[in-house]
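# I'd like to go over a predicted model; first the sequence, then the structure.
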Amino acid sequence: MTTPKENKTPKRIWAVFEPHENPNDKVPRVYASASPTKGVEYVQANISPINWGKTSYGAPAARTPVGFYLINSAENGGYIPLHNNKTIPSADGRQNRATIEDAKVDAQKHYETLIWSAFE
């Protein structure tokens, strides 16, 4: 007989935003802080959406607790979401997305997967 895996997801996750040391960089530095509360049953928390800014050349970008996200224009059309300069493949293996919003949706899914994996 197996026992259920203990749920170690904290009740809350706090995101802390700090200005970047480069005044020309509009994307804030972000990190997460998790604090489990003793005596209180853990419940699943919601992860806030990525807070997108723009690079100096206008591309959507965001610093997060798990790294840097960037949406680049693809030479052959569409948009490519990147995490720490590596392409985030779509569920069907494509690199390009039709719209910036499609690329942001896939970046958000990637971000949430990385955050939740820290609590497993």
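Nice, I can see it.
# Flag the shaky bits of this protein, pLDDT-wise.
1-45, 119-120 (pLDDT under 70).
# Could I get the full set of helices for it?
Shown for the chain, the helices assigned by DSSP state H span residues 100-117.
# Which residues in stretch 49-68 does the neighbour count mark as buried?
Using 16 or more other C-beta atoms under 10 Å as the test for burial, stretch 49-68 gives 50, 60-66. Placement of C-beta: from N, CA and C, glycine included.
# Quote the end-to-end distance of it.
Start-to-end span of stretch 49-68 (C-alpha to C-alpha, to the nearest Å) is 14 Å.
# hang on, the earlier thing: what is the nearest of the buried residues of stretch 49-68 to residue 78?
residue 60 (13.8 Å; C-beta to C-beta).
# Please tell me how far the closest residue to the closest one other than its chain neighbours sits from residue 100.
Counting by C-beta to C-beta, 6 or more residues apart in numbering, residue 60 lies nearest to residue 71, which is 4.3 Å off, once chain neighbours are set aside. Residue 71 sits 6 Å away from residue 100, taking C-beta to C-beta, to the nearest Å as the criterion.
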